[in-house]
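Chemist: Sequence and predicted model, in that order:
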Amino acid sequence: MSLSMTLTEVRLGGGETTEGVVRVGDTVRRPARASTPAVNALLAHLEAVGFTGAPRVLGVDELAARCSPTSPARPPRARSRRTR
């Protein structure tokens, strides 16, 4: 039995998050997009050079979602919208 099948998914929302982001146990999972390989490579590079301000990538689950550890960080803020 796979890990995600034994734990409950909790939908994460608020701010301007990607649709389909869920928490499973102590991981956060984001659906794959066309940019996922590039984002994963960037996050791996940042981790390799010691930058601690970005999430780590733990891998990809059986649904091709990127898995990252949960973080005590605040949820993302909604971007301010400027009017012209």
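Modeler: The structure has been received and is ready for your questions. Residues are numbered from 1 along each chain as shown.
Chemist: tell me which residues of the lengthiest helix in the chain are tucked away?
Modeler: Criterion DSSP state H: the longest helix present in the chain is helix 36-48. Neighbour-count burial for helix 36-48, counted by 16 or more other Cβ atoms under 10 Å, picks out T36, V39, N40, L43, L46. All C-beta spots, glycine's among them, are computed from the backbone N, C-alpha and C.
Chemist: Output those as JSON lines; include the columns distance to D61 and pLDDT.
Modeler: Formatted as JSON lines, the buried residues of helix 36-48 follow (distance: Cβ to Cβ, whole Å; pLDDT from 0 to 100):
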{"residue": "T36", "distance to D61": "12", "pLDDT": "87"}
{"residue": "V39", "distance to D61": "16", "pLDDT": "90"}
{"residue": "N40", "distance to D61": "13", "pLDDT": "89"}
{"residue": "L43", "distance to D61": "16", "pLDDT": "91"}
{"residue": "L46", "distance to D61": "21", "pLDDT": "94"}
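Chemist: what stretches of this protein score poorly on pLDDT?
Modeler: Low-confidence segments of the chain (pLDDT under 70): 1-6, 14-17, 64, 71-84.
Chemist: hey, where'd the strands end up in it?
Modeler: Here the chain has its strands, by DSSP state E, at 9-11, 22-24, 27-30, 59-60, 66-69.
Chemist: Deepest in the core, which of the ones you listed is it.
Modeler: Of all the strands of the chain, strand 27-30 has the most neighbours on average by mean count of other Cβ atoms under 10 Å, namely a mean of 20.
Chemist: How far does it sit from its chain's centre?
Modeler: Computed by Cα atoms, centre = their mean, to the nearest Å, the chain-centroid distance of strand 27-30 equals 5 Å.
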